[in-house]
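Undergrad: Quick one: sequence plus predicted model below, questions after.
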Amino acid sequence: MDLNYTAEDVAFRKQVRTWLEQNMPRQIKNLDERKAWHRRLYEGGYLGMGWPREYGGQGARPMEQAIVADEMARAGAPPPTNGLGLGIVGPTIVVHGTDAQKRRFLRKILTAEEMWCQLYSEPNAGSDLAALRTAAEDKGDHFQVTGQKIWTSGGAIADWGLLLARTDPAASKHKGISCFLIDMRQPGVDVRPLKQITGSSEFCEVFMTDARVEKENLIGRLGEGWGIAQTTLGYERGGRALARITTYASQYKQLMDAARRLKRNGRPILDDAVTRQKLGRIWADLEVERYGALRVLTLLERGEHPGASGSLTKLSYSEFEKRFMELAEEILGPYGQLTGGVPPEYRLEVDTAVGDHGTWAYAFLWSRAGTIYAGSSEIQKNVIGERILGLPKESRADRVGGTR
Amino acid sequence: MNFSFSEDQTLLRSSVRAALDEQCKPAHVRAMMEDPRGYGDALWGEMAKLGWLGLPLAEEHGGAGLGVVELALVLEEMGRAAYPGPYFASVVLAGLGLELGGSAAQKEKWLPAIASGRACGTAALLEDTLDWDPAATAATAAKTVTGWTLDGVKRFVPWAHVADVALVPARTPEGVSLFLVDPRAAGVTVTPMVGIDLANRWSEMRLAGVAVPADALVGAAGGAGPVLEALLRRAAVGAAAEMLGAARRCLDMSVGYVKVREQFGQLIGSFQAIRHRCAEMLVEVEKAHAAVYYAAWALSAGAEDAAMAASVCKSFVSEAARQVCGDAIQVHGGIGFTWKYDLHLYFKRAKGLEPLYGDAAHHRELLVRGQTA
């Protein structure tokens, strides 16, 4: 047990910090500028660095990836783009794709020349993803896709989508699903922004009507889509483990500043014993998240896969974020709800979930998303119960029933 | 960066577990709960033989010279077994207290005796007001021709009834000072304070005109503050390790139980209400593990954030262990509320340690104070 960073990691961190100081753009105004920044990061060797070298990556260690993301969070650097392409689509193509698919798609994912989205969730297939109904019909020389997807992040800017669709309505629920690469820029694909409780639209709804998928863009074999989607893939595994904590810590520091300035009953809120208890508790929770991240990075560095214990991490930090933002709102009072006209001293100066300097109100509202997306807290607890604790499975209609 | 145990540490844990599985079964714990002294010579002797009693003490004094991580591993296993006896009092409180503040002669006299099990020590860190701040000490020590005279009342002194020596803070004109006191000396009255955890004993220790020699002063007069703060950090993390062990035992028992208990024609573990609770218990236990071993490492390595880590650890684990052990009773239902079922042994171990060496509120305040200073 040695929780110091190695000399190698310390040196690497310094190198990243220097590079960011010299290359980081001050502000990003549009998608083209974000793509340009993405490209610069890639060319600097700081993006897709966990990908295998033969596909344009660096084969970097998880800790190096975590350090890059952490330094970017520390510097308030604008995030790159095409996160789903880098994090999910690319690795899926590397593992399950044909040589032709790899040649055609991988490099342009890394450089963000082609932007990707993931077409998984449907209005009636959320936590129960395998209930999806979007159909892909074999038309001989191509597949014809009809159906509706929802919660598609980046749908509006995506050139391509990784699609799960039902190819065999007669097969059992999990066996009739196939995985495709679909061209988003075609008449049969209609992308509409989905306005969230934040008032912004980071997600979209995607309506597909007789949309076309070429035969060569099937991933894996027909009917194997569920297995492909279930495999936890990804080369960016060090990912945001540390960066997340650094962002929270920066927010916490700003919250302390606000608690010093604001008064209740004639005294700074920071002198209030109850508030101090709550702040102390959140800080302890945050530190424990950091220790947990170091524990996960240790596993990753040894080449082990965290598997189902990833559910512990996700459940823990997403629930933490909600508690943290509730406390922020409590301390900030109505300032915490401002989405406009925010006095500078109560503005949040760190990147919010989607990478903009935001407001506390925006960060607060976003905290409601984390415990729902990518497997809700309830789903994570099922996974922990079944796969880690080995508790008996619940009786479920779709486990007894078979076909639908 | 390596947050995993070394091969030696893993071996240490398994040897401690094996010994306690063999010699500290629930039946032994229950027997000791009824025993006037509260611990057995056989297990104490075995612990001495296996080197546990000197584990964190310097090799020159008969110790093994190991760090806080190894100590935490042993204590976690003791919590898991609801070990009855003065290990924590003697090795952590007296042993580390002397390591931190004792003179060469004091160490020479006491540490080999503690490491071999010949002597048992403790520390009297709490008084009437339950304030852990060393500066709050109200007991007094007056200088005499031959040494000092101590007066005051100490509360919740672990295993004072079997201790041969106690570290006792008392106020002198220079400030708070630390003394070695023989709990059997004239003027000392030790009265049992019987808590819910009968396997972990406390006493009230009254000092009325207790004469101690000049060389009973530990460190400089008025210099006890930093020593006590350093000791309290180690005690807080050590107690958290025991609580972690108790919590993990409660989790294991719960998971085992819900896999065999049937109601409504189904195993209760298949109900989401139960399964989700068990999942939440695991989350808390894993986080408590990270908190304990991060802090243990930080103290051992003298890391910059060691004091903060100790407070993070004790505040987090106090609450997590309370939650997990309480949830264990809940998922067990009625049987978990019976004296005969062993669950309450671990529930009470965690509960008993929750307020000691600073409860969650105490350590949260320390955290915020550290950020606003």
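TA: Arrived safely.

Undergrad: Quick one, grab the pLDDT at the residue in the stretch 251-400 of chain A positioned nearest to chain B.
TA: Relative to chain B, the nearest point of the stretch 251-400 of chain A is A:Gly280 (2.7 Å; CB to the nearest CB). Every C-beta, even on glycine, is put in place using the N, C-alpha and C of the backbone. Looking at A:Gly280, its pLDDT stands at 98.

Undergrad: quick one: contacts for it?
TA: Contacts for A:Gly280 (CB atoms under 8 Å, 6 or more residues apart in numbering or on different chains) come out as B:Ser315, B:His363, B:Arg364, B:Glu365, B:Leu366, B:Leu367, B:Val368.

Undergrad: what kind of secondary structure is the last one in?
TA: In terms of secondary structure, B:Val368 is helix; the call rests on DSSP: H, G, I helix; E, B strand; the rest coil.

Undergrad: which residues touch it?
TA: Counted by CB under 8 Å, 6+ apart, B:Val368 has contacts A:Arg276, A:Leu279, A:Gly280, A:Trp283.

Undergrad: can you check the first one too?
TA: Applying CB under 8 Å, 6+ apart, one finds that B:Ser315 lies in contact with A:Gly280, A:Arg281, A:Ala284, B:Gly358, B:Asp359, B:Ala360, B:Ala361, B:His362, B:His363, B:Arg364, B:Leu367.

Undergrad: Not counting its neighbours along the chain, what's nearest it?
TA: Excluding the flanking residues, the one nearest B:Ser315 by CB to CB, 6 or more residues apart in numbering or on different chains is B:His363, at 3.8 Å.

Undergrad: Which helix or which strand is home to that neighbour?
TA: helix B:360-372 (DSSP states H and E).

Undergrad: Make sure B:Phe5 is actually in contact with A:Met1.
TA: Yes - using CB atoms under 8 Å, B:Phe5 is in contact with A:Met1, at 6.1 Å.

Undergrad: you'd agree B:Asp151 is in a strand?
TA: Yes - per three-state DSSP, B:Asp151 lies within a strand segment.

Undergrad: Quick one: the strands in the stretch 1-150 of chain A, in order.
TA: With strands called from DSSP state E, counting those that start in this stretch, the stretch 1-150 of chain A shows them at A:116-119, A:135-138, A:142-153.

Undergrad: For the last one, which strands pair with it and how are they oriented?
TA: When pairs are called by DSSP bridges, strand A:142-153 turns out to pair with strand A:135-138 (antiparallel), strand A:203-214 (antiparallel).

Undergrad: Run a quick neighbour tally on residue 40.
TA: Defaulting to chain A. Using other CB atoms under 10 Å in any protein chain shown, A:Arg40 is surrounded by 16 other residues.

Undergrad: try chain B instead
TA: Counted with other CB under 10 Å, B:Gly40 comes out at 17.

Undergrad: next one: A:Arg396
TA: 10.

Undergrad: can you pull the contacts of B:Phe337?
TA: B:Ile329, B:His344.

Undergrad: let's see it at 7 Å
TA: With contact set as CB atoms under 7 Å, 6 or more residues apart in numbering or on different chains, B:Phe337 has these partners: B:Ile329.

Undergrad: Against B:His344, how distant is it?
TA: 8 Å (CB to CB, to the nearest Å).

Undergrad: Repeat that for B:Phe179.
TA: Distance from B:Phe179 to B:His344, by CB to CB: 37 Å.

Undergrad: give me the number of residues near the residue of the stretch 51-200 of chain B found nearest chain A?
TA: Nearest to chain A in the stretch 51-200 of chain B, going by CB to the nearest CB, is B:Val69, at a distance of 5.5 Å. B:Val69 has 25 neighbours, counted by other CB under 10 Å.

Undergrad: Would you tell me what helix or strand it is located in?
TA: helix B:68-81.

Undergrad: List the buried residues in that helix.
TA: Of all the residues in helix B:68-81, those buried under the rule 16 or more other CB atoms under 10 Å in any protein chain shown are B:68-81.

Undergrad: just checking, what packs against that helix?
TA: If you count contacts as 3 or more CB pairs under 7 Å, 6 or more residues apart in numbering or on different chains; DSSP states H and E, helix B:68-81 packs onto helix B:7-23, helix B:224-258, helix B:272-301.

Undergrad: Which elements pack onto the shortest one?
TA: Spelled out, that is helix B:7-23. helix B:41-49, helix B:68-81.

Undergrad: same thing with the last one?
TA: Using 3+ CB pairs under 7 Å, 6+ apart as the contact test, the elements touching helix B:272-301 are helix A:273-301, helix A:310-332, helix A:377-383, helix B:68-81, helix B:224-258, helix B:306-332.

Undergrad: quick one: the helices in chain A?
TA: A:7-23, A:31-43, A:62-75, A:83-84, A:90-96, A:99-110, A:225-230, A:241-261, A:273-301, A:310-332, A:360-370, A:377-383, A:397-401 (DSSP state H).

Undergrad: And the pLDDT for A:Gly355?
TA: 52.

Undergrad: now do B:Ala89
TA: For B:Ala89, pLDDT reads 98.

Undergrad: so the helix or strand containing B:Lys351 versus helix B:224-258, what angle?
TA: Using DSSP H and E, B:Lys351 sits in helix B:343-353. Helix B:343-353 runs at 160 degrees relative to helix B:224-258, counting by axes from the mean of the first three to the mean of the last three CA atoms, to 10 degrees.

Undergrad: who touches the nearest residue to B:Val260 once chain neighbours are set aside in this structure?
TA: Sequence neighbours aside, B:Leu267 is the residue nearest to B:Val260 in space, at 7.1 Å (criterion: CB to CB, 6+ apart). B:Leu267 makes contacts with A:Pro392, B:Val258, B:Lys259, B:Arg261, as judged by CB under 7 Å, 6+ apart.

Undergrad: repeat that with 10 Å
TA: A:Leu391, A:Pro392, A:Lys393, A:Glu394, B:Val258, B:Lys259, B:Val260, B:Arg261, B:Ile274 (CB atoms under 10 Å, 6 or more residues apart in numbering or on different chains).

Undergrad: what's the burial count for the third one?
TA: Other residues within reach of A:Lys393 by the criterion other CB under 10 Å amount to 13.

Undergrad: Outline the domain layout of chain A.
TA: According to automatic domain parsing, chain A comprises the domains A:7-81, A:115-230, A:241-388.

Undergrad: end to end, how far does the last one reach?
TA: Read that as domain A:241-388. End-to-end distance of domain A:241-388 (CA to CA, to the nearest Å): 21 Å.

Undergrad: correct me, but the residue of the stretch 51-200 of chain B closest to chain A touches B:Ser300?
TA: Yes - here B:Val69 reaches B:Ser300: they are 5.7 Å apart, a contact under CB atoms under 10 Å.

Undergrad: what do these two both touch?
TA: A:Met1, B:Pro56, B:Val237.

Undergrad: And these, which is closest to B:Val212?
TA: B:Pro56 (26.0 Å; CB to CB).

Undergrad: what about the closest one, which SS state?
TA: coil.

Undergrad: Need the strands paired with strand A:142-153 in JSON lines (columns: mean neighbour count).
TA: Shown next, in JSON lines, are the strands paired with strand A:142-153 (neighbours: other CB atoms under 10 Å in any protein chain shown):
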{"stretch": "strand A:135-138", "mean neighbour count": "18"}
{"stretch": "strand A:203-214", "mean neighbour count": "20"}
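
Undergrad: So for A:Val68, which of the ones you listed sits nearest?
TA: strand A:203-214 (26.5 Å).

Undergrad: Using PDB, write out the CA atom coordinates for the closest one.
TA: What follows is strand A:203-214, C-alpha atoms only, in PDB (Å, rounded to 0.1, in the frame of the first residue of the first chain):
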ATOM      1  CA  PHE A 203     -30.200  15.100 -25.300                       C
ATOM      2  CA  CYS A 204     -32.400  14.500 -28.400                       C
ATOM      3  CA  GLU A 205     -35.200  12.300 -29.600                       C
ATOM      4  CA  VAL A 206     -34.500  10.500 -32.800                       C
ATOM      5  CA  PHE A 207     -37.300   9.300 -35.100                       C
ATOM      6  CA  MET A 208     -36.300   6.800 -37.800                       C
ATOM      7  CA  THR A 209     -38.800   6.200 -40.600                       C
ATOM      8  CA  ASP A 210     -37.600   3.700 -43.300                       C
ATOM      9  CA  ALA A 211     -34.100   4.800 -42.600                       C
ATOM     10  CA  ARG A 212     -31.400   2.900 -44.400                       C
ATOM     11  CA  VAL A 213     -28.500   0.900 -43.000                       C
ATOM     12  CA  GLU A 214     -26.100  -0.800 -45.300                       C
END
